[in-house]
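Visitor: Mind looking at a prediction? Sequence and model below.
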Amino acid sequence: MIYLDNAATTGIKPPEVKAAVNNAMKNYCANPGRGGHKRSVMTSTAVYDVRLKLSDFFGGAGGEKVAFTANCTHAINFVIKGLVKPNDHVVVSELEHNAVMRPLLSATDNFSVFEVSLDDDNKTLENLISAINDKTKLVICTAASNVIGKILPIKEIGEICRERGIYFAVDAAQGGGVIPIDMLKMNIDFLCIAPHKGLYAPMGTGVLIANKELERTVIEGGNGIDSLSLIQRPDMPEGIESGTVSVPGIMGIGAGVDFVKKLGIKQIYRHELNLVKYLYDGLEKAEGVILYAPKPTENQYAPVISFNLENKNSEETAIYLNEKGIAVRAGYHCSFAAHNKLNTTNTGTVRVSPCVFNTFDEISKFIYYIKKMQK
Amino acid sequence: MMHKIPIGSITYAIKARDILRKSGFKASVERKTAEYKSGCGYAVVFEGDGQKAKELITSAGIKSGEII
């Protein structure tokens, strides 16, 4: 299969990630932060080492600021529900995934949406500033759109938030491990990561790095601390790690970080971007193809492209491609907001998202089948 | 002389251990036992100057209990 749905999860996990997971299943079968026996402390230390790796990789303020969640959506929920009260004002972009929009709507109806320009970041920033008011508590936005790949100017957004004393949270589901993100340099207070995407880690893993404190817990339970108290504090990291964490998943994350560092995040990004540029050129020349964003350029776009074929529903195109052994995702990509912006709420789009393991030959085959379908 | 400082969170106990080790202390982490007279959690165990260790941990922003 030619797997081009890496924005959903990376379809090939490196051997070192698989080995780390297997090693955890064999040698780290103990609950970290619970027992006092040798294996529990050894497992706790191994988990802590991955916290340190992630903090270092993303410019966090220390390993103790890194918490593991079931997925990036849970991490986002912890931020929104841990900070936002019903009357708080929040600002989001118009490209947000439902992982942001749904918990936001359950927390407050007092929010504003800023328009994202697909080719002028200054306009995006002007729109953001217009959306902020003196009651704004939080700006939360995606690092890169999961539908069209547009990278938001998060460093500049972070500066704007810092100047105004506003919390800044980033949904890095698509950006984490793909584009360089440094929380301290970019003034990001909360970073939500999907390690099973850009870090090639197992599914069922998420990371929250919180350089600021959350105000309340969201999920309470046992966390190995102060068991005689029925009150749980939201202190990172154990304050949001109620219940048992996935040690095999965490070990896989550590190996994934090492893998990305070994290849080089810039090298990975460049390769993937070149693949989507090649794809874009091929689609642009093909008959009856509708594209929804400008040709991806470096630092402006993550390696994600959406398109449609004239007079065909996106699901129809995806079914045809699946029959040819090509995996893509059609429909709405859990992002009503993005499809609302693109005016594709009737058709959805076909989304193509390569990873470091994809090749130009595979993209050539993709273009060939699209042209064949149009004939 | 062996000392113990209760930390609570395993994460912070390991951080405290690493801080002490970098400063030349022989340190390890253990589970809190009945002697600590507080809820469950962890402690950093080390040999050497208890006050200096406590200062190092506190200056790193780690909340801790009394030295035992």
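Guide: Ah, there it is. Quantities reported herein were computed from a predicted structural model and do not represent experimental measurements.
Visitor: name the element the closest residue to chain B within the stretch 151-300 of chain A belongs to?
Guide: As assessed by CB to the nearest CB, chain B sits closest to A:D226 within the stretch 151-300 of chain A, at 3.9 Å. Quick note: C-beta positions are derived from backbone N, CA and C, even for glycine. Counting by DSSP states H and E, no helix or strand carries A:D226.
Visitor: Return the distance of it relative to B:I7.
Guide: Per CB to CB, to the nearest Å, A:D226 is found 12 Å from B:I7.
Visitor: What does the pLDDT read for residue 1?
Guide: As the question left the chain open, I've gone with chain A. On the pLDDT scale, A:M1 is placed at 96.
Visitor: wait, chain B
Guide: So B:M1 comes in at 84 (pLDDT).
Visitor: What segments of the chain are strands?
Guide: The chain I'm using is chain A. All strands of chain A, identified by DSSP state E, fall at A:2-3, A:66-69, A:89-93, A:111-114, A:136-142, A:167-172, A:190-193, A:206-210, A:289-291, A:305-309, A:326-327, A:329-331, A:349-352.
Visitor: you looked at the wrong chain, it should be chain B
Guide: According to DSSP E, the strands that chain B contains are B:2-8, B:26-31, B:42-47.
Visitor: okay, the strands of chain A in TSV with mean neighbour count next?
Guide: Formatted as TSV, those follow (neighbours: other CB atoms under 10 Å in any protein chain shown):
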stretch	mean neighbour count
strand A:2-3	20
strand A:66-69	25
strand A:89-93	24
strand A:111-114	19
strand A:136-142	24
strand A:167-172	27
strand A:190-193	30
strand A:206-210	28
strand A:289-291	17
strand A:305-309	24
strand A:326-327	18
strand A:329-331	21
strand A:349-352	28
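Visitor: Take those strands and write them to CSV, including distance to A:G222.
Guide: Formatted as CSV, the strands of chain A follow (distance: least, CB to CB, whole Å):
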stretch, distance to A:G222
strand A:2-3, 38
strand A:66-69, 15
strand A:89-93, 31
strand A:111-114, 34
strand A:136-142, 29
strand A:167-172, 27
strand A:190-193, 24
strand A:206-210, 19
strand A:289-291, 50
strand A:305-309, 43
strand A:326-327, 39
strand A:329-331, 37
strand A:349-352, 40
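Visitor: With respect to A:P15, which of the ones you listed lies nearest?
Guide: For these, the distance to A:P15 is smallest for strand A:2-3, at 16.7 Å, taking CB to CB.
Visitor: can you list the residues of chain B near chain A?
Guide: Within chain B, the positions near chain A by CB under 8 Å from any CB of the partner chain are B:8-12, B:14-15, B:29-31, B:33, B:38-42.
Visitor: try 10 Å
Guide: B:7-15, B:17-18, B:28-33, B:38-43, B:60-63 (CB under 10 Å from any CB of the partner chain).
Visitor: in chain B, what residue is nearest chain A?
Guide: For chain B, CB to the nearest CB, closest residue to chain A: B:R31, 2.6 Å.
Visitor: gap between the closest residue to that residue other than its chain neighbours and A:A144?
Guide: Distances taken as CB to CB, 6 or more residues apart in numbering or on different chains place A:G36 nearest to B:R31, at 2.6 Å, with adjacent residues excluded. Using CB to CB, one gets 43 Å for the distance from A:G36 to A:A144.
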